[in-house]
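A.B. asks: Have a look; sequence and predicted model below, questions after that.
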Amino acid sequence: MTEDLSNYKFKTVVPIRFSDIDAYGNVSNTIYLTFFEIARLKYWREIVEWDYERTGVILGRSEVNYLKPITIDDQIACYLRTSRIGNSSFDVIYVVVKITPEGEEICTTGKSVCISYDYKANKSIPIPERERQRMIEYDEPGLITNTN
């Protein structure tokens, strides 16, 4: 997989816990969604500054592409960026890398469809303008597809 990591500004180290490991010594396939979630939450807090008091976010769909195994001894990081913004939904894409003495080795890629949500009304709502603008400004307008 040739993913251009220069298209990603946001990167965070993700810890591997003993409970993440399967019987064969690899990170269990179910844990990769947790890695994405850790990175996504940090991105929303630090970069987008999502106001959860005003607007919620729910996950509409996730996909994971397993490319190389990760073990408990590996040091990993997750790159993330918003790649598409619609009216009430937006896509977040991920690249999980293993940090080695030779550099970063891509192990996993993925994508989530996130939906701006009003929990009181129990329905999707338009992405708040402030959060929309912060995603666009941070992740470079040329890289984000707007599908209003």
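C.D. replies: Received, thanks. Numbering: from 1, shown residues only.
A.B. asks: average pLDDT across the longest helix along the chain?
C.D. replies: Counting residues, the longest helix found in the chain (DSSP state H) is helix 32-43. Helix 32-43 shows an average pLDDT of 97 in the prediction.
A.B. asks: quick one: buried residues of that helix?
C.D. replies: When neighbours are counted by 16 or more other Cβ atoms under 10 Å, the buried residues of helix 32-43 are found to be 32-33, 35-36, 38-40, 42-43. From N, CA and C alone the C-beta is placed, and that goes for glycine too.
A.B. asks: now, among the residues you listed, which is nearest to Ser88?
C.D. replies: Using Cβ to Cβ, Arg40 comes nearest to Ser88 of these, at 17.2 Å.
A.B. asks: what about Glu53, which helix or strand?
C.D. replies: Using DSSP states H and E, no element contains Glu53; it sits outside every helix and strand.
A.B. asks: roughly how far apart are it and Thr109?
C.D. replies: Taking Cβ to Cβ, to the nearest Å as the criterion, Glu53 is separated from Thr109 by 32 Å.
A.B. asks: For these two, work out which one has more neighbours and name it.
C.D. replies: Taking neighbours as other Cβ atoms under 10 Å, Glu53 and Thr109 compare with Thr109 leading, 18 against 6.
A.B. asks: Tell me if the more buried one really is in a strand.
C.D. replies: Yes: going by DSSP: H, G, I helix; E, B strand; the rest coil, the assignment for Thr109 places it inside a strand.
A.B. asks: Who does it form a beta bridge with?
C.D. replies: Using DSSP bridges, the beta-bridge partners of Thr109 come out as Asn65, Val95.
A.B. asks: Distance check, it against Val64.
C.D. replies: When distance is defined by Cβ to Cβ, Thr109 is 8 Å away from Val64.
A.B. asks: for Gly56, same thing?
C.D. replies: Going from Gly56 to Val64 by Cβ to Cβ gives 23 Å.
A.B. asks: So which of those two has more stuff around it?
C.D. replies: Ranked by neighbour count (other Cβ under 10 Å), Gly56 and Val64 place Val64 first, with 19 against 16.
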